[in-house]
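Engineer: Sequence first, predicted model second:
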Amino acid sequence: MIGWLGAEEQAVDVAEAVKQIERAYERGRFQTMLDELPDRALAFGLRVLAALLLFFIGRKIIRMIVKVTERSMEKAGAEITVRKFVKYLVRAVGYILLILLILSVAGVQPTAFATVASSVTVALGLALQGSLGNFAGGLLIMLIRPFKVGDYIVEDTHKNEGTVRKIGLVYTELVTMDNRVIVVPNGNLANSSMTNVTAQEKRQLDLKVGISYESDLKEAKELLLGLVEAHPMVIIEDDHFVYVSELGDSAVMLGLRCWVTTSEYWKCRWDLTEQIKLTFDEKGISIPYGQLDVHIVGRES
């Protein structure tokens, strides 16, 4: 019995000794931490100071690069929409690189940041598929430049048309002739056919008018040709002629072709159409129109 008690006391003494050793080790670690604290604080402060200094220097460099890029594109004659996009793109890329550099100096592992960024990018890509498609369409429009601000375009798919007021990264704004604003997604404009009406400096004006078979064909052609050559908006130096288009059921169809400046196309078309009607009426040239003759046959009682 006495031997058993002695063994138990020895076990307690050993456990107590182990605890004392652990406490001494913890005190040593704490003391070591206290001893290393000034050095760690100094190193952290230096990192923060270096990060702040790097941020201010990097921001000035980014601003300088953005200004140089903007001036270069302005001298090259790039459109204002393209200049704005490139300006924002250069600024965004510059700040992303600056943040990664600051995180590296501060001791943050770039791989962890890249992992989080890639996860966020995938999530946003899935949520904004349509908008990203329109964004890609906006980039294509700015690079290929099928139209510019001030052009009159027609979207062939949905028949939206108007003068381009603004080319954004996601949408393009059109102003119609009656001053309505149409917002067209850039994805539609980039992935389908589109007509740029005002891309060229001049347009061919093509008019057709019918005269009766009883009217003088040669006189009608001479009258039309005289109207074309006398009109101030017609470009006389370019080809212009009058021709017989077809022999219809109730009229001889005459065609008139000439060239006008794009800005005066509709005004010239409307004016020539009016002059043709007034001149034909004055010269006795008949313009036939559809009519129905009804014959009533009486029945004798």
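Structural biologist: Right, received. Where do you want to start?

Engineer: how far away is Leu174 from Met253?
Structural biologist: From Leu174 across to Met253, the span is 35 Å (C-beta to C-beta, to the nearest Å). No exception for glycine: its C-beta is placed from N, CA and C like everyone else's.

Engineer: Which one of those two is surrounded by more residues?
Structural biologist: When Leu174 and Met253 are compared for neighbours, Leu174 comes out ahead with 22 against 14, by other C-beta atoms under 10 Å.

Engineer: Am I right that that one is in contact with Val164?
Structural biologist: Yes: contact criterion C-beta atoms under 8 Å: Leu174 and Val164 qualify, at 6.1 Å.

Engineer: okay, and the common contacts of these two?
Structural biologist: By C-beta atoms under 8 Å, 6 or more residues apart in numbering, Leu174 and Val164 have these common neighbours: Ile153.

Engineer: which stretches of the protein form helices?
Structural biologist: For the chain, applying DSSP state H gives helices covering 2-75, 80-106, 110-127, 129-144, 186-191, 217-230, 265-283.

Engineer: what's the least confident stretch among those helices?
Structural biologist: Confidence, taken as mean pLDDT, is least for helix 110-127 of these (a mean of 57).

Engineer: which residues sit in contact with Val181?
Structural biologist: Arg165, Glu173, Leu174, Val175.

Engineer: cutoff 7 Å now
Structural biologist: By C-beta atoms under 7 Å, 6 or more residues apart in numbering, Val181 lies in contact with Glu173, Val175.

Engineer: now do Gly168
Structural biologist: Gly168 sits in contact with Gly138, where contact means C-beta under 7 Å, 6+ apart.

Engineer: Gln275 now?
Structural biologist: Counted by C-beta under 7 Å, 6+ apart, Gln275 has contacts Leu227.

Engineer: Starting from Thr262, give me the distance back to it.
Structural biologist: 21 Å.

Engineer: what's the answer for Leu143, then?
Structural biologist: From Leu143 to Thr262 the distance is 25 Å (C-beta to C-beta).

Engineer: between the two, which one's more packed in?
Structural biologist: Thr262 (15 against 9).

Engineer: Do I have it right that the more buried one meets Arg203?
Structural biologist: Yes: the pair Thr262 / Arg203 is scored as a contact, 5.2 Å apart, by C-beta atoms under 7 Å.

Engineer: Can you give me the distance of Gly133 to Glu282?
Structural biologist: 58 Å.

Engineer: more neighbours, the two?
Structural biologist: Gly133 (17 against 9).

Engineer: so who does that one touch?
Structural biologist: Counted by C-beta under 7 Å, 6+ apart, Gly133 has contacts Gly187.
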